[in-house]
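Enquirer: next input, structure requested:
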Amino acid sequence: MQLDVFTLVPHAYAWLTEQRPVASVLGTELELRLFSYRDTTPLRAGEVDDEPYGGGAGMVLRVDVVAAALDAAYGGVPNHRVIALTPQGRQLTQEVVEELAQEPQVTLLSARFEGFDERVVQHLASDAISIGPYVLSNGDLPAMVLVDAIARRLPGAIRDESGAWESFSAELEGGLEYPQYTRPPEFRGWLVPEILLSGDHGKIEEWRREQSRRRTVL
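Expert: Now for the predicted structure:
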């Protein structure tokens, strides 16, 4: 999969590429390319944003800046999925992640402060995604969330069983993951549930499914 991120701070992604799951698939199942708007901006001195028409606080990423970046990378608006990361987008869910992980190529557009000129979302992007009902100071954190979420669904990123039995998986009927415990079996009087120490894998699986259902309902 080719994943392209357009951003004002490409260096901020360095740590992400050194961590699993991204590091596990980088160069094999995943080609991650980072593009800076400043490298192709048509404005002077690397400028990329401007004050909003009608007044108001903050700066807006200009449509001509984003268009120039896409032109330089693809020769125009590409045919593959181009996602603007914005609070106005559709909510990111595991279902959306699974959908995107099947794409051969995806482009992510990040902004900052007041976000994009609306024409970016309307005419240059083919999709818009939000990672939650709150506001951040830039779109790079949402972009990193999406890169990580997609990368871990690519072959070889994690063990197959790790992805099968986790929150929102089909094995758990789309519910939340069951509680996990490890050694020691007792700490400060807090005990690991006896069923998990029994060695009876059938009963353990039944217990985990029931715990998942309870968590999901709550």
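
Enquirer: now do the spatially most central residue of the chain against Glu194, distance only.
Expert: The centre of the chain sits closest to Leu146, judged by Cα atoms, centre = their mean, with a distance of 1.0 Å. According to Cβ to Cβ, to the nearest Å, Leu146 and Glu194 sit 41 Å apart. Glycine gets a C-beta too; all of them are placed from N, C-alpha and C.

Enquirer: Glu166 now?
Expert: Glu166 is 24 Å from Glu194, by Cβ to Cβ.

Enquirer: higher neighbour count, these two?
Expert: Glu166 (16 against 8; other Cβ atoms under 10 Å).

Enquirer: quick check: beta-bridge partners of the nearest residue to Gly89 once chain neighbours are set aside?
Expert: In space, Gly89 comes closest to Ala128 once its chain neighbours are excluded; the distance is 3.3 Å by Cβ to Cβ, 6 or more residues apart in numbering. Beta bridges link Ala128 to Ala84 when assigned by DSSP bridges.

Enquirer: for Arg112, give me the pLDDT.
Expert: Per-residue confidence (pLDDT) for Arg112: 90.

Enquirer: what's the neighbour count on it?
Expert: 20.

Enquirer: can we start the residue count at 598 from this point?
Expert: All set: I'll call the first residue 598, so the last point we hit is now Arg709.

Enquirer: ok, longest helix in this structure?
Expert: Longest helix in the chain, counting residues (DSSP state H): helix 798-814.

Enquirer: that helix - what's its average pLDDT?
Expert: 94.

Enquirer: mind listing what's buried along it?
Expert: Neighbour-count burial for helix 798-814 flags 801, 804-806, 808-809 (criterion: 16 or more other Cβ atoms under 10 Å).

Enquirer: could you point out the helix or strand that follows the helix or strand of the chain with the lowest mean pLDDT?
Expert: Within the chain, no helix or strand scores below helix 757-761, which has a mean of 65 by mean pLDDT, DSSP states H and E. Following helix 757-761 in sequence order, the next helix or strand is strand 783-784 (DSSP states H and E).

Enquirer: report pLDDT for the residue of the chain most remote from its centre.
Expert: The C-alpha centroid of the chain is most remote from Gly786, which lies 39.0 Å away (Cα atoms, centre = their mean). Here, the pLDDT recorded for Gly786 equals 96.
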